[in-house]
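**Student:** when you get a sec, could you give me coordinates for this:
(3 chains)
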Amino acid sequence: MAGYFLRRLVQSALILLGVSFITYFLLFILPADPVRQIAGRAATAETVANIREQLGLDQPFLVQYSRYLAGLFQGDLGRSFLQRTEVSTLIGARLPATLQLMAAGIATELVLGLSMGVAAALTRGKALDNFLMITSFVTVSAPQFVVSLLLLYVFAVKLGWFPIGGYGTFAHIVLPALTLGLLGSGWYSRMMRSSMVEVLRTDYIRTARAKGLTRARVILRHALPNAILPVIAMIGIDIGIFMGGIVVVESVFGWPGIGQLAWQAIQRVDIPIIMGVTLVSAAAIVIGNLLADLIAPFIDPRIKLR
Amino acid sequence: MTDATRQVEMAKPDSALRRLLQRKLAVFGLVLIGLVLLGAIFAPWIAPYDPAEQHFDGLTLEGAPLPPGGVYILGTDLLGRDLFTRILYGAQTSLIIGVAANGLSLIIGTLVGITAGFFRGWIGTVLMRFTDLMMAFPALLLAICLAAIFTPSLWIVAMVIALVNWVQTARVIYTETSSLAERDFIAAERILGASTGRILFRHILPHLVPTIIVWGTLGISTTVLLEATLSFLGVGVQPPTPSWGNIIFENQTYFQAAPWLVFIPGAAVLLLALAFNLVGDALRDVLDPLQRGRD
Amino acid sequence: MKKLLTSTALMFAMGLPALAQEYTPDPAATPGGNIVVTYKDDVATLDPAIGYDWQNWSMIKSLFDGLMDYVPGTTDLRPGLAESYEISDDGLTYTFNLRPGVLFHNGREMTAEDVKYSLDRVTNPETLSPGAGFFASIAGYDAMSDGSATSLSGVTVIDPLTVSITLSRPDATFLHVMALNFASVVPQEAVEAANGDFGKMPVGTGAFSLDEWVIGQRLVFAKNENYWRAGVPYLDAVTFEVGQEPVVALLRLQNGEVDVPGDGIPPAKFTEVMGDPAQAAQVIEGGQLQTGYITLNVTMPPFDSVAVRQAVNMAINKERIVQIINGRAVPATQPLPPSMPGYTEGYAGYPFDPEAAKAMLADAGFPDGFETDLYVMNTDPNPRIAQAIQQDLSSIGITANILSLAQANVIEAGGAGTAPMIWSGGMAWIADFPDPSNFYGPILGCAGVVEGGWNWSRYCVPALDEMATAADSITDPAMMDERMSKWSDVYMSVMEDAPWVPVFNEQRYTMRSPRMGGADELYVDPVSIPVNYDYVYATE
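**Tutor:** Just a heads-up that it's a prediction; the model follows:
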């Protein structure tokens, strides 16, 4: 067990290394010169050359990359080209907001997805089941940027139930969390439904019913806990999908997280920030996968630990 | 998550089709796809105007777009262009990119998956680690970066989407291939001296077809959504080519005063993605009953 | 809605001296109050040597001071930290007498050493300042920029309250440069203590000091009780809330929660607001020192033909483009904006005449038009404007393919000289200071035609450069109108060559809450955008 964990840890570290290399390379071949933007309009060719040298951007790719790596191992993510602030400061200031949003999103998709899935499983074949399953298809197919604009428009602008974007109170997090969670809830509801349906069919459950336990008790105490396990394993994978969604959701709702930071940085080709956010996101995804892989053997001992 | 010991039944094509058509949701999905396809193909004939034509009477004096219900059925956008026309032509963009990007990512994913699953060993490990690596990338950030590197065009966008989207397919194909490769009949073929190519094409690939069809269909839904998102962020197809995503992008500042400019194309994206999801899901049930409802 | 045209051009035509009367304080001003200003983007930096976007420019102005300043709400120079100055007879040496008793926010008194340190800092390549080039006329600048010196030889501390600056050539814009944010005086100990993060921990002599900064959420400026200008600022504090969408900010203003939406009135709400008399009364319109234009690369055929360029000028329907941006601009006839000194009044420019344009193209050898590329920045409304331009061009037979890219990519293409046409929107020239030379040097002069330069039309006429330099050598305040007429000639000559298509000059609309007071000019201050925080006040 410990060996497996260790191996996965090493693999994860190597993956992050690979991510950093590829990202740095892509940013390197970007046909946009950050030095021009920093140097400004009135700069002479000399000033530009100086700035390029200052930032070490005149060095060949591998030299620049190794310098970046060296800094990384010391916890230094570099300085933003345009703000001169440490990237770690910028990300550190905004990361809590993103983590809050992700947690809220996961909570939302679980609550919605699981309840829909259970309800569908229990009313299998009937109208409610069909309705819930169609709903799950719709939520999975809806583009997040449209959903966010829709929720903003209907619930914040027209009805005024929630603030129109921003950050601070519980009311502020509802709509963006809902947008993020809606997508995943579709997957979870279907997964939960099929999982429940299978569990309900097992001898184990039939025995419990035969023993005379009430339906509710059977569901709550016996069916649900077993059915939920595969879902839990999925959460880790979900983090990856969330990372893509935050750029759009944070922009539309004005949420001060790293998604917003990344978007602005991409516009301005602020390479250190883009590197930093990509690495942080990749780390989150990798950790999520790691957790999912770790939990999996506990859920299904048949899964071989490769 | 395929159980390595389970037999996979290959459904006969005509009975599969029949079963597919029995499912109401799948039929609904097919009808939607058909409508969009017709709209896209016949756009030059159905559309009342040219999609790039900015009409002088398409805007109010203050430069505001016109609501649906007047001369322009679905209203106009912020340049005075007919929305209905642009939605029709946008269908072309969504379908072309959706299918092309998906086709490309299918090819990449299948190649990677088969190679890794069949040959195993260090090739397999390297390829699958590489797949893990690609999975670790936040796809949207990667797509935005790639789009910034290449001068955008329809095909570049399709390529970018394909490059971030092949991973899921690769993993599934890999799992299937590796389980197939361990089966007795494959070992038997090898003993009989069949070449690797023969085994791959005659024995493995046919078993993968259902999976490829299912993931191919489901994948179009993802690529359609991805294209719309990239266009919404301003890094998709170039104007004035309409795409449902860039219609929303160009007109989003007016989403309060002119919500139809956001929600009509938004609904179009939703319906198209939904249609492919429904059909793909139904195909999965029909072609491989033991995978029903699973991810 | 009140309209204001800063008629400095008129003033110069009348030959009035460059320095106007000192500002008369508003008798109705009440001290106290805390106002809320919103922005969508987080503030990049408050380091005066680095900050160079329209959002942080006025914030930096309120936190720092330079030797020179402007009369609030106008483009007229007035003394700043220097209470007086003398210019030598050859126009090359400026001696500034500093005000005594000016305190930095950290309590220390400002001296001439601080002035020298600040100028050295901004011209030092290690600071990576985008504004270093403005100080090129100071003697010793070249040594600084190539790294052979660590201090400007032309800046001398004569005594703790006197500093003299010697130029390497006469420069009529020098006093304006001393009023730029880049010339702000900063305390060395604070810069060093910040260890590279001075932009997040600014310390200056300005009317406000930075009280709080929660990244991604808000900044709070607090009144500097020891500010050396008596009586100002009136406000106790200014709170900047960031991450607010313009639509949201406007709705909150209507709710009474926000005082000034910093990003202005979003286009979608513009008609609604202006149509309501009560709300329209809260809006103040003013000119901006800004021009939006299309650059035509004169080194890339067929734009190397003057006739072709002139034809393009006549093909663009500027009225319609202004309509597309909700009428928030006026069509432009020339590179300079109307409120800029040196603007040529009465010049009609190229008329909108597609038929004549087509004929001109045919005469130039392109009866069937041609194909080309139009670069544009991919943030709204620029792709839309580009598409309107595209349609105008297609009506005279020119097929323009649009390349809607990230700002950095467009700048790259422009700087490399590979872009035939660029719509300048989003990167459009806003004057750094109210002087006509600001619109020439880097973007129309030969100096800008280098790899990565900002002269995207690659336009270089040495004779014009000479005219420009001659104009800038006129430093005698009594000869100002001659200087302005020289500049007018330069720009008229540019228009004949037509390397640009000037399209529009954006107007500025500032909306404020009812409780805010102060003269209208302060809300459309050409230098402090959007609002001159030092001089406005709250009535409750």
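**Student:** which sections of chain A are below the confidence cut-off?
**Tutor:** A:1, A:222, A:229, A:232-233, A:296-306 (pLDDT under 70).
**Student:** what are the ranges of the helices in the stretch 351-500 of chain C?
**Tutor:** Secondary structure of the stretch 351-500 of chain C (DSSP state H, counting those that start in this stretch): helices located at C:354-363, C:382-394, C:407-416, C:441-444, C:462-472, C:480-497.
**Student:** and the residue of the stretch 1-150 of chain C closest to chain A?
**Tutor:** The nearest approach of the stretch 1-150 of chain C to chain A comes at C:P130, 2.6 Å away (CB to the nearest CB). Where you see a C-beta, it was placed from the backbone N, CA and C, and this is true even at glycine.
**Student:** ok, C:P502 - contacts?
**Tutor:** Going by CB atoms under 8 Å, 6 or more residues apart in numbering or on different chains, C:P502 touches C:291-293, C:332-335, C:349.
**Student:** how about the one residue in the stretch 101-250 of chain A that gets nearest to chain C, secondary structure?
**Tutor:** Nearest to chain C in the stretch 101-250 of chain A, going by CB to the nearest CB, is A:I164, at a distance of 4.4 Å. The three-state label given to A:I164 by DSSP: H, G, I helix; E, B strand; the rest coil is coil.
**Student:** A strand includes C:D69, no?
**Tutor:** Yes - looking at C:D69 with three-state DSSP, it is inside a strand.
**Student:** helix/strand/coil for the single nearest residue of the stretch 201-306 of chain A relative to chain C?
**Tutor:** Going by CB to the nearest CB, chain C is nearest to A:P256 of the stretch 201-306 of chain A, at 3.1 Å. Using three-state DSSP, the structure places A:P256 in coil.
**Student:** now it: how far from chain B?
**Tutor:** Using CB to the nearest CB, to the nearest Å, A:P256 is found at 18 Å from chain B.
**Student:** what's the answer for C:G147, then?
**Tutor:** Plainly put, C:G147 is 33 Å away from chain B if you go by CB to the nearest CB.
**Student:** distance of the residue nearest to that residue when sequence neighbours are not counted from C:S395?
**Tutor:** Distances taken as CB to CB, 6 or more residues apart in numbering or on different chains put C:P125 closest to C:G147, at 6.1 Å, once the chain neighbours are dropped. Separation of C:P125 from C:S395 (CB to CB, to the nearest Å): 49 Å.
**Student:** present the helices of the stretch 351-500 of chain C as CSV; the columns should include mean pLDDT, distance to A:T98 and mean neighbour count.
**Tutor:** Output for the helices of the stretch 351-500 of chain C, formatted as CSV (pLDDT from 0 to 100; distance: least, CB to CB, whole Å; neighbours: other CB atoms under 10 Å in any protein chain shown):
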stretch, mean pLDDT, distance to A:T98, mean neighbour count
helix C:354-363, 94, 51, 18
helix C:382-394, 94, 29, 23
helix C:407-416, 86, 25, 22
helix C:441-444, 88, 39, 24
helix C:462-472, 92, 50, 16
helix C:480-497, 93, 49, 19
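**Student:** got the residues of chain C near chain B?
**Tutor:** With CB under 8 Å from any CB of the partner chain as the criterion, chain C comes near chain B at residues C:247, C:266-272, C:320, C:323-327, C:378-381, C:383-384, C:386-388, C:390-391, C:401-406, C:409.
**Student:** of the residues you listed, list those near chain A.
**Tutor:** When contact is defined as CB under 8 Å from any CB, these meet chain A at C:247, C:379, C:406, C:409.
**Student:** which of the residues of chain C next to chain B are buried?
**Tutor:** The neighbour-count test (16 or more other CB atoms under 10 Å in any protein chain shown) marks C:247, C:266-271, C:320, C:323-327, C:378, C:380-381, C:383-384, C:386-388, C:390-391, C:402-406, C:409 as buried among the residues of chain C next to chain B.
**Student:** with neighbour numbers in mind, choose between C:P125 and C:S395.
**Tutor:** C:P125 (20 against 15; other CB atoms under 10 Å in any protein chain shown).
**Student:** for the contacts of C:P502, work out which two are farthest apart.
**Tutor:** Using CB to CB, the pair of the contacts of C:P502 lying farthest apart is C:G292 and C:G349, separated by 14.1 Å.
**Student:** of those two, give the one with the bigger neighbour count.
**Tutor:** C:G292 (25 against 17).
**Student:** contacting residues for that one?
**Tutor:** C:329, C:332, C:385, C:423-425, C:428, C:502-506.
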